[in-house]
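Engineer: Below is the sequence, then the predicted model.
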Amino acid sequence: MSNEVKVGLLAIAAIAVSYWGYKFIMGKNVLLKSNTYKVYYPKVDRMQVGTQVFINGVPVGSVAKVALLNDVDRTVEVVLDLIPEMTIPKDTRAVIESTGFMGGKAIKLMYDKPCSGDDCAEPGDTLEGEFKGLLDSMVGEEAVGDYATVLQKSLQRIVDTLNYALLSENSQSPIAKTIRNLDATMANLNSSTAQLDQMLRRSSGNIQASLASVESITGNLERNNARISAIIANADSLSSQLVAADLQKTVNEVNTSIQELRGTLENANKAIAGISGVVDGINAGEGTLGQLVKDEALYRNLSNLTREADSLITDFQDRPYRYMPLKSRRKVERYDRQDLQETGN
């Protein structure tokens, strides 16, 4: 036998052993013939394939399939795989129970008596399904009432203890203090209400007299309604007259201001007319200013005179020695030569 054939056979054997081991871990021995039964539940609470099936605490099989049917109620179909030699009656109930607080599940097969012959269920039959909650699974149906009684008594003792610790007269808890303060507040409120009632009783006569006075005043107002209306009308007319008088006074003041403004404008027009006449005279050549404007020869003479005066002033500033008295001609010429040498001319 070649090495390739040996390796192939070894691989096939390894795959077969792995498949058997996986099925065995999931609770099914593929080397043994098994019986399968169907059970339908409204819910299974996260039960998985491989969940153990027990009879009186002894494992007799496992869950081979969990499937959700596509019906109206979304029923769950569970297939149970039991060992070959196991026989169960047709009226067997497959009860799902919780095995602990961590969510573990198991199926317990329950029936009244063993079967024989035609009373036994055939492989592929459908069993009755039942689901138990955590409390029923842990303590059983017969002990639920006892546990409920014990729980009720324990809760009652806890409530009594809390009531004494929080609400008793000697308790210093914030709740007890608040309740005592509320009782005191209610007592004060009742006392204040009683005092107010007595005060109203004593003052009922005064209140009635005050109401009578108010009624009398209202009657007088109703009887004198016409007079009051006339007074209001007269007040309205008087206020209208006052408004009209103030408006007439304002109009008179405005008219006076307009007259004064008109006089000021007339004086301004006269002044402007005088200035216009002076300008016309200047344009006509009247007076000294007019001759200066109109006579070009006079303008040129004044311009030449201005130029010569400016030259004389400039020469006086530059050569003041020429205009000093008692200076000889010879000194003046020497100064002129010095000025020429300094200026480089």
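Structural biologist: Sure, I can see it.

Engineer: from here on, contacts and neighbour counts on C-alpha atoms
Structural biologist: Noted.

Engineer: List the buried residues for stretch 45-62?
Structural biologist: Within stretch 45-62, the residues that count as buried by 16 or more other CA atoms under 10 Å are 47-54, 59-62.

Engineer: for stretch 61-74, same thing?
Structural biologist: Neighbour counts over stretch 61-74 (16+ other CA under 10 Å) mark 61-64, 66 as buried.

Engineer: Please state the offset of it from the chain centre?
Structural biologist: 49 Å (CA atoms, centre = their mean, to the nearest Å).

Engineer: what sits up against it?
Structural biologist: For stretch 61-74, the external contacting residues (CA atoms under 8 Å, 6 or more residues apart in numbering) are 26-28, 42, 48-54, 75-83.

Engineer: for stretch 149-162, same thing?
Structural biologist: Residues outside stretch 149-162 that contact it (CA under 8 Å, 6+ apart): none.

Engineer: Residue ranges in the stretch 51-200 of the chain under the pLDDT threshold?
Structural biologist: 100-101, 103, 134-148, 164-169, 171 (pLDDT under 70).

Engineer: swap the cut-off to 50 and go again
Structural biologist: Counting by pLDDT under 50, the stretch 51-200 of the chain contains no low-confidence residues.

Engineer: Break down the chain into its strands, ranges please.
Structural biologist: Counting by DSSP state E, the chain has strands at residues 35-41, 52-55, 58-68, 76-82, 93-98, 105-110, 126-131.

Engineer: where along the chain do the helices fall?
Structural biologist: With helices called from DSSP state H, the chain shows them at 3-25, 134-139, 141-167, 174-202, 204-223, 225-284, 287-294, 296-318, 329-343.

Engineer: Check the gap between the spatially closest residue to residue 89 that is not a sequence neighbour and residue 84 for me.
Structural biologist: Nearest non-adjacent residue to residue 89, counting by CA to CA, 6 or more residues apart in numbering: residue 120, 4.3 Å away. From residue 120 across to residue 84, the span is 13 Å (CA to CA, to the nearest Å).

Engineer: what does residue 193 give?
Structural biologist: Residue 193 sits 89 Å away from residue 84, taking CA to CA as the criterion.

Engineer: Check the buried residues of stretch 45-62 against residue 231 and report the nearest one.
Structural biologist: Comparing these against residue 231 with CA to CA places residue 47 closest, at 98.8 Å.
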